[in-house]
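Asker: Got a predicted model here, sequence first, then my questions.
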Amino acid sequence: MIRHSIVAMSLVVALPLASSCTRSGASAGGHDDRPPKAVRMAAVEYSNAPVAKTYSAIIAPNTQVDVAFRVTGYVVYLDQARAADGRIRPLEPGAPVRAGMILARVRAADYQAVEQKARGARNEADAGVLAAEAQASEAQAGLEQADLDFQRIATLWQQESITKQAYDGSKTRLDVARAKLDAAKAAVAAARERSASAGGQLREAQIALGDTDLRSPLGGTLLERRVEIGTFATAGTPAFVVADLRLVKAHFNVPDTALRAFHTGQSLPLTVDAFPGERFDGRILSIAPSADPRARSFEVMVSIVNPDMKLRSGMIASIRSASSDAADRRLPQIPIDALVHDPVGDRYVAYTTELKDGRTVVRAIPIKPGPLVGNEVVVLEGLTAGQRIVVSGANLLRPGDAVKEIQ
């Protein structure tokens with residue numbers, strides 16, 4: 001359960017049992033004639049110290065982005081830097097990246113041609129607007145003139161100075177002028193719509209041309225490069241992975257019974273396997289409001305400041321937290337001298353006694369040790385309070401040895 005604690009204790013208390021196997025045991029008659037070994041025994045007691053639980057967490061960047069081209073084409077440029085061998089090479093994982101920096105470029109010739117064609121169509125549409133507006137101005141002038149002529153003819157008609165034919169002809173010319181103006185205005189509206197559409201197509205072509213440059217959306221560290229010069233890049237397929245590692249996150253899962261030991265904003269110490277003996281300080285960012293339906297556990301997210309970029313994505317961290325469950329504080333504990341490492345079975349044991357053939361002999365009980373608290377070892381599995389075990393001389397015993405208890 002608690003790997004680091006067990007390893008540390010094994011260095012302190014591990015005395016091989018295998019060496020004792022070389023001792024001569026039974027006599028020719030099959031009975032052990034050696035005198036019983038003196039041992040001290042005591043009853044197992046409960047520990048009142050909080051049990052520290054260890055959770056494994058995965059280090060991940062605070063922000064990680066897959067950077068993909070928005071257009072399709074052959075890669076013709078990759079940003080370069082001087083590598084460790086002194087040569088100029090395309091950026092490799094670990095290289096620093098600036099926000100807005102051009103990471104790669106696809107061939108722009110095809111998009112330039114589209115942009116030029118769209119520009120020409122837009123210019124032609126703009127010219128059509130000017131022509132339609134000129135025709136509308138001409139039609140407006142014609143209408144105004146026809147209106148003046150009709151007003152004059154109408155006055156003469158009232159004075160009975162002209163024929164009805166002349167009057168009707170003037171009115172017809174006025175109606176035709178109005179129709180011409182209406183048609184010219186409609187032509188202007190249509191020309192403007194064509195110009196707006198052409199302008200939109202030009203902007204799309206310009207955006208596509210600009211997207212031939214692939215820029216980093218954030219400053220950070222290059223985690224992965226997936227393209228080379230000559231690669232045919234497709235729109236939407238990630239070409240680079242960029243992450244901000246100045247702040248990292250560690251996420252781990254806890255059961256519902258342990259949730260009370262965590263709260264948002266809480267400080268948590270961490271250790272990382274890559275840096276033994278070094279402590280990192282984290283702070284809880286969030287606790288999942290619902291359990292993972294498969295694991296039935298809740299994800300806890302911890303934020304860790306990483307200014308020297310020592311912590312990297314994918315590293316394994318261990319987070320220790322004192323349990324708040326009263327049941328966890330009532331685990332058995334035994335003196336450290338009572339814990340024996342069995343190298344043959346690669347396990348930890350404690351010895352108790354039993355009667356066999358009229359003699360008191362020892363029997364090994366496999367146990368699972370927890371953390372070391374002072375000179376006492378918390379026992380996670382294998383023992384219960386009240387059991388009597390050997391607490392002195394245990395490392396000199398092997399199963400079946402005859403013993404005599406002394407005070």
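Answerer: Happy to help now that I have it.
Asker: Quick one: the helices in the chain, in order.
Answerer: 3-13, 109-158, 164-210 (DSSP state H).
Asker: out of these, nearest to Gly277?
Answerer: Shortest distance between Gly277 and the helices of the chain, using C-beta to C-beta, is found for helix 3-13: 10.2 Å. Using the backbone N, CA and C atoms, a C-beta is placed for each residue, glycine as well.
Asker: For the closest one, give the mean pLDDT please.
Answerer: Averaged across helix 3-13, the pLDDT comes to 39.
Asker: Stretch 34-53 too?
Answerer: 81.
Asker: cool, stretch 335-346 as well?
Answerer: The model assigns stretch 335-346 a mean pLDDT of 86.
Asker: what's the closest non-adjacent residue to the residue most central in space within the chain?
Answerer: When the chain is reduced to its mean C-alpha position, the nearest residue by C-alpha atoms, centre = their mean turns out to be Ala60, at 5.3 Å. Computed as C-beta to C-beta, 6 or more residues apart in numbering, the closest residue to Ala60 that is not its neighbour in sequence is Lys249, at 5.2 Å.
Asker: Just the pLDDT for Arg226.
Answerer: 95.
Asker: what do you get for Leu285?
Answerer: 93.
Asker: my guess is it contacts Ala250, does it?
Answerer: No. Applying C-beta atoms under 8 Å, one finds Leu285 not in contact with Ala250, separated by 9.7 Å.
Asker: Pull up the overlap in contacts between those two.
Answerer: Residues touching both Leu285 and Ala250 by C-beta atoms under 8 Å, 6 or more residues apart in numbering: Met301, Val302.
Asker: between those two, which one's more packed in?
Answerer: Between Leu285 and Ala250, counted using other C-beta atoms under 10 Å, Ala250 has the larger neighbour count: 28 against 16.
Asker: Give the bridge partners for the more buried one, please.
Answerer: On the basis of DSSP bridges, Ala250 takes part in beta bridges with Ile59, Val302.
Asker: what residues are up against it?
Answerer: Contact partners of Ala250, counting by C-beta under 8 Å, 6+ apart, are Ala57, Ile58, Ile59, Ala60, Leu270, Gly282, Met301, Val302, Ile304, Ala317, Ile319.
Asker: can you redo those as CSV with pLDDT and distance to Asp342?
Answerer: Formatted as CSV, the contacts of Ala250 follow (pLDDT from 0 to 100; distance: C-beta to C-beta, whole Å):
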residue, pLDDT, distance to Asp342
Ala57, 91, 32
Ile58, 91, 34
Ile59, 93, 36
Ala60, 93, 39
Leu270, 90, 32
Gly282, 92, 37
Met301, 94, 40
Val302, 94, 37
Ile304, 94, 39
Ala317, 92, 31
Ile319, 87, 30
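Asker: Which among those residues count as buried?
Answerer: Ala57, Ile59, Ala60, Leu270, Gly282, Met301, Val302, Ile304, Ala317, Ile319 (16 or more other C-beta atoms under 10 Å).
Asker: And those residues, which is closest to Gln135?
Answerer: For the buried ones among the contacts of Ala250, the nearest to Gln135 is Ala60 (65.8 Å; C-beta to C-beta).
Asker: Nearest to Pro35 among the helices of the chain would be which one?
Answerer: helix 3-13 (26.2 Å).
Asker: Save the contacts of Ala250 as TSV, and put in distance to Val349 too.
Answerer: Listed next are these as TSV, based on distance: C-beta to C-beta, whole Å:
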residue	distance to Val349
Ala57	32
Ile58	34
Ile59	36
Ala60	40
Leu270	32
Gly282	37
Met301	40
Val302	37
Ile304	39
Ala317	32
Ile319	30
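Asker: Roughly how far does the residue lying closest to Phe275 once chain neighbours are set aside sit from Val302?
Answerer: Once flanking residues are discounted, Phe275 sits nearest to Lys310: 7.1 Å by C-beta to C-beta, 6+ apart. Distance, Lys310 to Val302, using C-beta to C-beta, to the nearest Å: 16 Å.
Asker: contacting residues around Asp273?
Answerer: Met315, Ile316, Ala317, Ser318.
Asker: cool, Leu143 as well?
Answerer: Contacts of Leu143 (C-beta under 8 Å, 6+ apart): Leu174, Ala177, Arg178, Lys180, Leu181.
Asker: just Ala127 next, same as before
Answerer: Ala127 touches nothing, counting by C-beta under 8 Å, 6+ apart.
Asker: just the buried members of the contacts of Asp273?
Answerer: Buried among the contacts of Asp273 (16+ other C-beta under 10 Å): Met315, Ala317, Ser318.
Asker: can you pull the contacts of the last one?
Answerer: Shown in contact with Ser318 (C-beta under 8 Å, 6+ apart): His4, Thr54, Tyr55, Ser56, Ala57, Leu270, Thr271, Val272, Asp273.
Asker: mind redoing it with 7 Å?
Answerer: His4, Thr54, Ser56, Leu270, Thr271 (C-beta atoms under 7 Å, 6 or more residues apart in numbering).
Asker: so what's it bridging to?
Answerer: Ser56, Thr271.
Asker: which residues touch Ile58?
Answerer: Ile58 makes contacts with Ala250, His251, Gly314, Ile316, as judged by C-beta under 7 Å, 6+ apart.
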